[in-house]
Every structure is written in structure tokens, then in C-alpha cells.
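Colleague: let's see this in three dimensions:
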Amino acid sequence: MLRTPARDVHVHVFTVGSSEIERHLAFRDWLRSNTADRELYASTKRDLAERDWPTMQHYADAKTTVIDAILTRATRG
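Modeller: The predicted model follows:
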């Protein structure tokens, strides 16, 4: 992931064929179609954003349980 302080964006860069591409797209597509999980993810991010984190990685790690649960539902079957 690349970040820039000059702009409020994140750019994820993957190698061709990376399994992370499918994982990210599955997560995105699931959130687009599933209101309950979209709200769960949004409320989790809002809650975590109100806290102070030593690094962005600490914040990202705090989201892992929710993201993993959503991904499990998104990729089942």
C-alpha cells in the first residue's frame, strides 16, 4: 500500500496473479451487496478511527477480526 500525506488516498499495488487481488475484490463486492456487513464494517472503522494508534498498522490490525469474518461470509460456497 502506498500513502501520501499530500492527498487523502491509499493505493494498493499487487503483483500480477496475487491472491490479494481476489480477496480485495471479493470484500468490496460483498460490501456493495450486503447491507448488514457494510454497516458492521463502517461502524467498526468509525469506532477505531476515534482512537489514537501508534501506527497505521495498529489500526489495520484492530480491524482484522471483523474483516476476516466478513471475508468468510463473502467467500463461502
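
Colleague: may I have the phi/psi pair for residue 70?
Modeller: phi -60, psi -40 (degrees, to the nearest 10).

Colleague: where does the closest residue to it other than its chain neighbours land on pLDDT?
Modeller: In this structure, residue 70 finds its nearest non-sequential neighbour in residue 37, 4.9 Å apart by Cβ to Cβ, 6 or more residues apart in numbering. In this view, the C-beta of every residue, glycine as well, is placed from N, C-alpha and C. Looking at residue 37, its pLDDT is 98.

Colleague: what's the burial count for residue 37?
Modeller: Neighbour count for residue 37, taken as other Cβ atoms under 10 Å: 18.

Colleague: same deal with residue 38?
Modeller: 14.

Colleague: run through the residues that contact it.
Modeller: Each residue near residue 38 by Cβ atoms under 8 Å, 6 or more residues apart in numbering is listed here: 31, 32.
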